[in-house]
Structure formats: structure tokens, C-alpha cells
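Trainee: with the sequence up front, the predicted model follows.
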Protein chains: 4
Amino acid sequence: MRIKDTEKHEALFQAAVKVVNEIGFASSSVSKIAREAGVSPATLYTYFANKEDLLVSTYMKIKQELSKEAMKKIDDDMPIRDCFKQVWINYFEFATTHRDYSVFAEQFANSPYNEKVDLVQFEKMFEPIGRLVRRGIEMKIIKNVNPDVIGAFVFYPVLILTNPRLCRNFKITEEQIQASFQLAWDAIKL
Amino acid sequence: MRIKDTEKHEALFQAAVKVVNEIGFASSSVSKIAREAGVSPATLYTYFANKEDLLVSTYMKIKQELSKEAMKKIDDDMPIRDCFKQVWINYFEFATTHRDYSVFAEQFANSPYNEKVDLVQFEKMFEPIGRLVRRGIEMKIIKNVNPDVIGAFVFYPVLILTNPRLCRNFKITEEQIQASFQLAWDAIKL
Amino acid sequence: MRIKDTEKHEALFQAAVKVVNEIGFASSSVSKIAREAGVSPATLYTYFANKEDLLVSTYMKIKQELSKEAMKKIDDDMPIRDCFKQVWINYFEFATTHRDYSVFAEQFANSPYNEKVDLVQFEKMFEPIGRLVRRGIEMKIIKNVNPDVIGAFVFYPVLILTNPRLCRNFKITEEQIQASFQLAWDAIKL
Amino acid sequence: MRIKDTEKHEALFQAAVKVVNEIGFASSSVSKIAREAGVSPATLYTYFANKEDLLVSTYMKIKQELSKEAMKKIDDDMPIRDCFKQVWINYFEFATTHRDYSVFAEQFANSPYNEKVDLVQFEKMFEPIGRLVRRGIEMKIIKNVNPDVIGAFVFYPVLILTNPRLCRNFKITEEQIQASFQLAWDAIKL
DNA sequence: GATGAATGAGTGTTCATTCAT
DNA sequence: CATGAATGAACACTCATTCAT
């Protein structure tokens, strides 16, 4: 028997991202994604149970990668603010260098498929950031607000800033990134 | 010749919003929207050129309404901060009381249809807010950053906070709203 | 608007019967039936809710027609035996002249779709025959057995006799029909 | 070369019967049957030439078994009527204890695959019963009619009576069986 | 001998849109 | 002005079968 091809598995992930980026979530079909990956639509079904599985898996993979990247260069004995800044910069860079991932993730999150994600697994991925927030609150460095609020004012704006469709005038420069983080930090710092 | 029935026109808008809310952007079809509006699919085509026209028009109508609501209770001789707060609260309330509009708008904005909106008309709608931002900058009350950045840190977070799918733990109370605005204002104030 | 075409409705019934006869129940597909009827597969769905609806409706139509034919030339003051004979002959003739209907009905009845038929409606159609059986039992002319048993020994054999695939040597002649009815009658008469 | 695994061969027969019983002839697929048998679809093709071969072989196996069971406890010097009764009871019991075989056989017989059975082999299996019929006719104990007619009035009704889908009110009891055989015998006896 | 991967052709069904009325 | 009928094209998915290992 032929061995299951991890290259094809990966190719299908990439194809899903690419197709959704190019023609949008709503117009993306299993056959278009399969064609993009260079396999038959039927073959796709040996790697994924169905369309939902393909899309949810792709989303989880993106989030997984993001959550890993977000914690890069973080050291527990760095000051809280520096930790936040590093995470924010990591997030910003991830969103900039993987525009396609962000586009996919946003479209996915605003679709009914979003309800199919495993919340437990999801929250486990972002647990380190949650811990960081809680630490900041305990140390009276950041405001004592619901973590969802922190997310909304610190991380979500990154998605907006790095989205050229939404921020048509904003040009990404080192200076702008620094200035923008200042807003994020001012929002949450005590 | 009778004038085209504005009731049906309106019914189709409402139906589009409702259907997209209930089954998602991708599953929404012209015939389902027509059925929801109580008209034949063919009739829809006497009010809208095609599906794209229906969706884009609905989106613009929502944004139009939002931009009108956003400037409610604003007086030019109110202090800048109070203006911002009122706009922010207006926006928050609009997003809360019209969850269906927000859901539609988010799905629309994250779809390729978004590229079909008339940018000139769009920016004209939000011109008053732009003017407010510029005034705040000139008066050295808010930071001198790109208006897109202001939007990203002040207004977009509202979309997140009012979206129960994204903020599962955040419960909307008067207290929480006040606390959240504090973050928004701290982010941008000089 | 175009008016719903009863000819097409009828054509789809006939096409379903024909296709099932020619290639069998299992191989019959919606598109093949539509093609046979001379319409697009999509059009089929304006006349029937789905494949199941098409097949069940066709089956019910056949049974309806059969149940009507079965009671032809029956008069309440004919002797019981003559009534039975007439019904039996009617049934035999129906099965012979509408071989295609019988083939469809047999394949349908041996498929899982059979469970979708409305039993109430079904039993109403064959109520006159049930009444005849009960009358014969009351009058001590036929054996007092479960009506299902009467059906199994009187009417079901007709399906076998008229099926050339199952009765390869049996040739249908007036004489054979008379002789066969004798067996049916001997089975049930007291 | 190892001999082909007869266990797997047998498992595939059983799986075919089971799957057809559970989901119907039309929905039964080679891979589902293979999965049920615990082998790969590819393996199935080392035991059977193709789907048709699998189904036809399974059918023949069932008929083979039935024809063997039918002649159990038969002795050439038993009276004709007792022979018939024993065969009939055997058949009845086979159909009752192997409902799954009967369901498979009925669906198969009403499908186009039925035309693929080897008629010579088939008739050889049921030759003993044919001989019994001919003997009864010669001895002027049963009516001189086409053997197909005997089959239609004596044996096929068993399939009906033992099919709970067709005989919803008939409950199988020793008494009912005896009464039913009476009908069968009355039908054919001179 | 045994297997899961692979696929072209097909499944039932819905789509956006047009057409005749 | 309004409509349901009509459809080619597409949808997600499964099929029987073959192939490389």
C-alpha cells in the first residue's frame, strides 16, 4: 500500500488558506481547495473527514502556530511590560508576515464553523498569555479588568492595524509599531 | 407606473440581515432571503441588480445607520473627552442593540464583497468622527497618531466586547462599559 | 410566471418507473430519471421535495391505481366467490398489463424507502378488499385466518405468476389464469 | 503460496448480508462491506472479482443453504403430504431464523443482479423439491399444474408470512404455522 | 497475500439568475 | 410589477476499482 503523504496533508492546509484568501470563505469549495493542492477532491477525504474538519483543522493549526510564536523571546524574569511588549510585537510580526493566516482566521472566526472549535484545546494554547495577564494584575501593574477586555484593547487592534483593507492609510514602520504599542500599553497599565 | 414598493425593499434588507445571522454568510442564498422577505426570488431582482448589490446595499445601510447613531447627543461645545465618550457609548449601544447588524457587518467586511463598497461614500459617513479626532489632536488632547490607529484602539474593540462569541466571560453592565471606555480613552489621550 | 406543468409531473412519474425497470432500483439516480423525463435534475426538485419524495409518491400512485382497478366490476350483491375471483382477475390483469409498475413496486417494497409510506393512507386504499375478506369470514365462506394470511396466499402469488423472471416456464393463458385462481380459492375457502 | 483465507471469505459473505440488511441494497457499498468484514476494500478483490461477484456469490450461498435445509428430515417413503409439510416447515423455519438471509435474498432477487445467477446451478439445487412435486402429480395427490404455480402458492407465501414488514398483524405461533400450512396444502391438493 | 492511498465518475441537492406569463 | 418555473453549473461527498508498497 501507498504510505500516507504528509506533504499532501500540509499542501491541503496551505491550499485551504490560499483559496480562502483569494476568493473568500463563502466561495471556497472543497474541489477548489483540492485542485489548488494538486489532488483529487476524493483524495482530500482520506486526509480530512469532511469540509468542516478541513477548515477547523486549518484554523487550529494557525492558532497553534500563532500561540507558539507569541511566546518567543519571553523570559519569566523580564519585567511585565517588556513581556507584554514582546508578545505584542511577536503577534504583530506574525500577523504581518502571515497575512494569509490572519485573513483565514478572521473569516473563519466570523463564520458558523467557529462554533465547532474545541474550546478546551483552544484555551490551553493561549494559557501562557492568560497567565501573563493575571500576573500583571496581581502585581498591580495592569488594570484589574476581565481578560477578554485586555484582549480586545491590546491584541485585537493588531489584527486591525495589520489589515491593509481596514487600515488603508496606516503604513507599517518600526516607528509606527512602537507608537502603536504605546497606545496598547497606556490602555491597560494602571 | 406604481413606485417600487419601499416596504418590500425594506423587507429584503431585514431578511438579508436575518438570514445571514441565522445561517451564516456562506449558506445564505438569494432564494432563502427572498423567502424570508415573503417575495419571490424573481421579485428581488427588481429591487437589486444581483446578489452582490443586495449584500453591499444592506451593508451600506447598516453603516449609514451606525454613523448616524454614533453622532447622537454630540454637541460641538462639549469637551473633547465627553464627545469621544458619547460616540463610544453610542457605538457600544448600537452594537449591543443591533447584534444582528454587527454580525452581518463583520461577516461582510471579512468577505471579498467588502471590496465593492464605495469608499468615498463610506468615508463621507464617518467624516464627523474623523473631524473629532483631528480636533483632539490639534488641541493636544489626544495622541498625534494616524486616525486608523485611533479607530483600531478605540472603536474596533467595541465590536469584540459586544460579541458574545468572542468575549465569552465578559458580561455587559454599566460598570463594565465605563471601565472599558477608560481603557479606550487611556490608550489615546496624551 | 410559467405555470406548473402537470405533464412534467406525470413524465417524472413515468420516468421513475421506466428507469427503475431498466436499470434497477439501486442504480436509479435522480439525474437519470430527470434525463429520461426530459428535464434538468434541478427541475425535478420543483415537483418533488427530494429523491425519497419522488420514489414514495410514485409508489403510492401505483398502489392507488392498483387499488382502484382491483375493485372494478365488483357488485355488492355478487356471491363472495365471484367477488374474490373478479378482484383476483383484476389484480392479475393489472400486474400483467403494467409489468413495469409491478417491478417498481416490488423493488420499492424491498427497499428501506418502504418504511416511509403513510400506512394510514395505504390501508385506506385497500380497505374495500379488507371488507370483502371480513364479509367472507363472517359468512363462513372463507377460512377464519388473519387477513395477512389471505393476502399471502391469494394476492401475493399473483405477483409471482406474472413475473416472468421468477416464473420462467409459466405461460399466461386464459386457461392457466382460471386454473391458478382455483388454487387461490381452494387455499382460502372453508 | 498460502491458501486464501477461508475465514475472510466467510466474513465477507456475512458482512455483505449484514450491511444489506442494515442499510439496504442501494446504499451498500464495497467499502462498507469490507469494513464490516474487517478487511481492506482491496483485499475484498482477492476473494471476489468485483461487487457483482460478491453479491451473486452471497445470494447463491444463501440459496444453497436454504435448499439443503429444506430437505431435512425428509424420507422418500413418507407420504407425499408429510413430505410437503416437512419441506414447508423447514422453509418457514429457515426464513424465520435467518431473517437477514431472506431480506438479502429478496432485495437481490428484485434487482438486476438477479439475471447474473447461473440458472443451471440454481435449478439443480431445487431439483429435489421439483422431484417431489412431480411425484405428487403422478400420484394424483396434488393438482397437475405448472411447478412454478406450486411454488407461487406454497413456498412464496412463506416469504410473505415471515416478513414482519409485509405482515404487520400476523404473529408467528405454532398454531398459526399449522393453520397456514393448511392453506398451502388446500391450494395444491387434488 | 494484504493494504490504505488514490481517483474519475458519479451521487443527491442547491445555486444565482432568467424567462414566460 | 410580480411571480414560480426552469436551468447549467456548482456544491459536498461517495462510489467501485486500481495501484504501489
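Mentor: Perfect, I can see it now.
Trainee: domain-wise, how is chain A divided?
Mentor: In the domain annotation for chain A, the residue ranges read A:1-48, A:60-188 (automatic domain parsing).
Trainee: next, see if the longest one gets close to chain B.
Mentor: Spelled out, that is domain A:60-188. Yes: Domain A:60-188 comes into contact with chain B (Cβ under 8 Å from any Cβ of the partner chain), by way of A:103, A:106-107, A:109-112, A:114-115, A:143, A:145-149, A:151-153, A:156-157, A:160-161, A:165-170, A:176, A:179-180, A:182-184, A:186-188. To be clear about C-beta, it is placed using only N, CA and C from the backbone, and glycine gets the same treatment.
Trainee: quick one: buried ones out of these?
Mentor: By neighbour count, with 16 or more other Cβ atoms under 10 Å in any protein chain shown, the residues of domain A:60-188 next to chain B hold A:103, A:106-107, A:109-111, A:114, A:143, A:145-149, A:151-153, A:156-157, A:160-161, A:166-167, A:170, A:176, A:180, A:183-184, A:186-188 as buried.
Trainee: mind listing what's buried in the helix ranked longest in chain A?
Mentor: Scanning chain A for the helix with the most residues, using DSSP state H, yields helix A:51-70. Using 16+ other Cβ under 10 Å as the burial criterion, the residues of helix A:51-70 that qualify are A:51, A:54-60, A:62-63, A:66-67, A:69-70.
Trainee: hang on, A:Pro112 packs against B:Gly24?
Mentor: Yes: taking Cβ atoms under 8 Å as the contact criterion, A:Pro112 and B:Gly24 are neighbours in contact, 4.1 Å apart.
Trainee: now the nearest residue to A:Lys51 once chain neighbours are set aside: how far from A:Lys63?
Mentor: Residue nearest to A:Lys51 in three dimensions, not counting chain neighbours: A:Val30, with 5.3 Å by Cβ to Cβ, 6 or more residues apart in numbering or on different chains. From A:Val30 over to A:Lys63 the distance is 22 Å, taken as Cβ to Cβ, to the nearest Å.
Trainee: my read: A:Ala70 touches A:Phe94, true?
Mentor: Yes: between A:Ala70 and A:Phe94 there is a contact under Cβ under 8 Å: 7.1 Å.
Trainee: mind listing the helices for chain A?
Mentor: Read by DSSP H, chain A holds these helices, from start to end of the chain: A:6-23, A:30-37, A:41-47, A:51-70, A:80-97, A:99-109, A:119-125, A:127-138, A:147-150, A:156-161, A:174-188.
Trainee: nearest to D:Gly130 among the ones you listed would be which one?
Mentor: Distances from D:Gly130 to each of the helices of chain A were compared using Cβ to Cβ; the shortest belongs to helix A:41-47, at 49.2 Å.
Trainee: just confirm yes or no for that closest one near chain D.
Mentor: No: contact of helix A:41-47 with chain D (Cβ under 8 Å from any Cβ) is absent, the minimum separation being 11.7 Å.
Trainee: return the set of buried residues in that helix.
Mentor: Judged by neighbour count using 16+ other Cβ under 10 Å, the buried positions of helix A:41-47 are A:44, A:47.
Trainee: other SSEs contacting it?
Mentor: Contacts defined by 3 or more Cβ pairs under 8 Å, 6 or more residues apart in numbering or on different chains; DSSP states H and E place helix A:41-47 against helix A:6-23, helix A:30-37.
Trainee: what average pLDDT does the shortest one get?
Mentor: Meaning helix A:30-37. Helix A:30-37 shows an average pLDDT of 96 in the prediction.
Trainee: ok, back up a step: number of nearby residues for the residue nearest to A:Lys51?
Mentor: Using other Cβ atoms under 10 Å in any protein chain shown, A:Val30 is surrounded by 18 other residues.
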